Every structure is written in C-alpha cells, then in structure tokens.
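> Here's a sequence, model it:
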Amino acid sequence: MPFWQRKNRLGYWRKIRGLNQEAVARRLRVARRTIYHWELDITEPTVDQTEALAEILGVSARELFPCAALRKRRHI
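Okay, here's the model as predicted:
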C-alpha cells in the first residue's frame, strides 16, 4: 500500500527518520505495541500524541494524520 495512505504514514516517516517503534514509544512514554497499533490503524493517537509524534518525526500533524476528525478537534 502506498505511504500516503493514512495507516502507513506514521511507519513511513518513522523509518525515514531512522527510528524504530521502540524508540518512538519511549519518547512518547507509551508501549511499543501502541505505536504498532497506530501504524496499522487499529487505534488512533490523541491530538496531543499526534502533535508529539509530528514533532519527533519533523513533520506537521496534518501531514502525519490528515483525517477530518483531527482537523475538526483542533486547528492544526
């Protein structure tokens, strides 16, 4: 599946930045399994977690998760 589809964007940017799931999880203080679930679109990060992920990966939150629900909850 292409990287620009939502469920693959997190994994794509994480790999581009040379980070593994464990490294991202430690920085966010969540379980590695949480990152895995976000990448497979099983669960979704909160708005605050999305903003922290974007900062860690050096991209905008909108680039990382361009879903309408996120944009409605907070202007990013």
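
> The most centrally placed residue in the chain and Q49: what is the separation?
Taking CA atoms, centre = their mean, the centroid of the chain lies closest to L10, which sits 4.3 Å from it. According to CB to CB, to the nearest Å, L10 stands 11 Å off from Q49. Where C-beta positions appear, they are placed from N, C-alpha and C, glycine not excepted.

> so how many other residues sit close to W38?
A count of neighbours around W38, defined by other CB atoms under 10 Å, yields 26.

> In this structure, what helix or strand scores lowest on average pLDDT?
Ranked by mean pLDDT, DSSP states H and E, the weakest helix or strand in the chain is helix 68-73, scoring a mean of 49.

> Only the buried residues of stretch 34-44, if you could.
With burial defined by 16 or more other CB atoms under 10 Å, the residues of stretch 34-44 counted as buried are T34, I35, W38, E39.

> Who are the contact partners of the third one?
Applying CB atoms under 8 Å, 6 or more residues apart in numbering, we find W38 in contact with L10, E44, P45.

> can you tell me how far it sits from L19?
From W38 over to L19 (counting by CB to CB), the distance is 13 Å.

> Would you map the helices across the protein?
Secondary structure of the chain by DSSP state H: the helices cover 6-16, 21-28, 32-39, 47-57, 61-64, 68-73.

> returning to what we had before: excluding chain neighbours, give the residue nearest to the residue nearest to the centre of the chain in space.
For L10, the nearest residue in space outside its immediate sequence neighbours is E39; the separation is 5.0 Å by CB to CB, 6 or more residues apart in numbering.

> Y12 is in contact with the one you found, correct?
No. Assessed by CB atoms under 8 Å, E39 is found out of contact with Y12, at 9.2 Å.

> hey, C-alpha coordinates of stretch 18-25 in PDB?
Taking C-alpha atoms only, stretch 18-25 is exported to PDB below (Å, rounded to 0.1, in the frame of the first residue of the first chain):
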ATOM      1  CA  GLY A  18      15.800   6.100  11.200                       C
ATOM      2  CA  LEU A  19      13.600   5.300  14.300                       C
ATOM      3  CA  ASN A  20      12.200   2.000  15.300                       C
ATOM      4  CA  GLN A  21       8.800   1.600  17.100                       C
ATOM      5  CA  GLU A  22      10.500   1.200  20.500                       C
ATOM      6  CA  ALA A  23      12.400   4.500  20.200                       C
ATOM      7  CA  VAL A  24       9.300   6.400  19.300                       C
ATOM      8  CA  ALA A  25       7.300   4.700  22.100                       C
END
